[in-house]
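Participant: predicted structure and sequence below. I'll ask about it afterward.
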Amino acid sequence: MVSFGLSMGVSSREPMSRLPRLVSQAENLEFDAFYILDSQIILKDAYIGLAIAAQSTNQIMLGTGVTNPVTRDLSVITTAFSAIQELSTGRAILGIGNGATAVDPVGLKPSTLKEMETSITLLKGMLAGEEVVYRGKPVKILTATNPVPIFLSASQPKMLKLAGKVADGVILMGSSTPSLVADQINIIKDGANEAGRDIKDIFIDLWQTISVSEDKDKAFNDVKSWVASQSKYWWQKVSDLPPEVADAVKGDELLTASQNYKVDQHLSLKAKHKDFVSNEMADLMAIAGDSEHCSKKLSALASLGVNRITLTLLSGGREDRLNALAEVIKSVKVLV
């Protein structure tokens, strides 16, 4: 049976003191994971948020969605997650990616595929308290005693294959279209097979941006900022789109949305870049509509065999949105 998680970033307008209430509400509603976005220019610190969440809950898994090895040194990541693992009594997930939205604004470059593989290998050793050779020197993190599962954020074929080879889990990004998600899962399987691993040993966490509302236009408006970001970081790089996707993306819409995306407005409901995204395009990449529509889309995705579906908890009345999501997943669990 598929489980459900939540992800959110703590914006500059939100007090961190609100976080304990939200994560406790999520746990009480039986969500089994809570991720906090890590992007230092536009959001409050994820590691501090996870520490707060760890002390406010008892069962829910807690992770970064996602951190990166560019703005965060591997030794710092290890020390921080060792502390979060201790505070949460073993509930930490190290969600990591190449750092696109975090590194671009400060003039750095995202990790390459090889750098990402090396980082994951080193982090596994560091988190287990082993001595590793890091930047030419032997390093042993004295506070690290308990390994933490490492989930690699991936959407592109090469990163998906790498996740299948080396990661404990995959944060699967990019689309709400089942055929595309199925293709992504097959690439993860290819990576696992090449490494002599069983795909069943790799936790697949499918992330979906979602807005539940009887007002369809409002629901679409809610998700369009995220869609614009994905047009820049994912869809523009997909060379072979399935016909049902290619036909629905009109003209230069992907390119226009990508060119107008602004990282400082990333998921903002007031972002100007959302104006370049049509409802048709949004429907391919996110989930928006009334509860029945959202339940059907989630059920189709759940049937693909993923372990968890993590839903973005958008701003603008988060408590009410959280309750609405909880109602939707009740019906999904019945349908699947």
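Facilitator: Right, received. Where do you want to start? Numbering: from 1, shown residues only.
Participant: if I look at the residue lying closest to Glu327 once chain neighbours are set aside, how far off is Asn193?
Facilitator: Of all residues beyond its chain neighbours, the one nearest Glu327 is Ser291 (6.4 Å), with distances taken as Cβ to Cβ, 6 or more residues apart in numbering. For every residue, glycine as well, the C-beta is placed using N, CA and C. Remark: distance between Ser291 and Asn193 (Cβ to Cβ, to the nearest Å) = 39 Å.
Participant: that older thread, any idea how far the residue nearest to Glu327 lies from Ile329?
Facilitator: Distance from Ser291 to Ile329, by Cβ to Cβ: 10 Å.
Participant: Pro110 now?
Facilitator: 33 Å.
Participant: please apply the same query to Asp215.
Facilitator: 21 Å.
Participant: counting neighbours, go ahead and name the busier of the two.
Facilitator: Ile329 (22 against 12; other Cβ atoms under 10 Å).
Participant: you'd agree that one is up against Leu6?
Facilitator: No: the criterion here is Cβ atoms under 8 Å, and Ile329 misses it with Leu6 at 10.5 Å.
Participant: buried residues, the helix or strand containing Lys224. List them.
Facilitator: Of the helices and strands defined by DSSP states H and E, Lys224 is found in helix 216-233. For helix 216-233, a neighbour-count test (16 or more other Cβ atoms under 10 Å) marks 219-233 as buried.
Participant: my read: Val212 touches Asp290, true?
Facilitator: Yes: the criterion here is Cβ under 8 Å, and Val212 meets it with Asp290 at 7.1 Å.
Participant: overlap in contacts of these two?
Facilitator: Here Val212 and Asp290 have Ala219 as joint contacts, going by Cβ atoms under 8 Å, 6 or more residues apart in numbering.
Participant: okay, those two: which has more neighbours?
Facilitator: Comparing Val212 with Asp290 by neighbour count (other Cβ under 10 Å), the higher total belongs to Val212, at 23 against 14.
Participant: what sits against that one?
Facilitator: With contact set as Cβ under 8 Å, 6+ apart, Val212 has these partners: Ala219, Gly289, Asp290, Ser291, Cys294, Arg321, Ala324, Leu325, Val328.
Participant: again, 7 Å this time
Facilitator: Ala219, Ser291, Cys294, Ala324, Leu325, Val328 (Cβ atoms under 7 Å, 6 or more residues apart in numbering).
Participant: go on, Pro138?
Facilitator: Glu131.
Participant: give me the pLDDT value at it.
Facilitator: Note on Pro138: pLDDT of 98.
Participant: which residues does it form beta bridges with?
Facilitator: Val133 (DSSP bridges).
Participant: that one and Ala33: what is the separation?
Facilitator: In terms of Cβ to Cβ, Pro138 sits 35 Å off from Ala33.
Participant: what of Asn146?
Facilitator: Taken as Cβ to Cβ, the span from Asn146 to Ala33 is 18 Å.
Participant: residue contacts, Lys297?
Facilitator: By Cβ under 7 Å, 6+ apart, the residues touching Lys297 are Ser176, Ile287.
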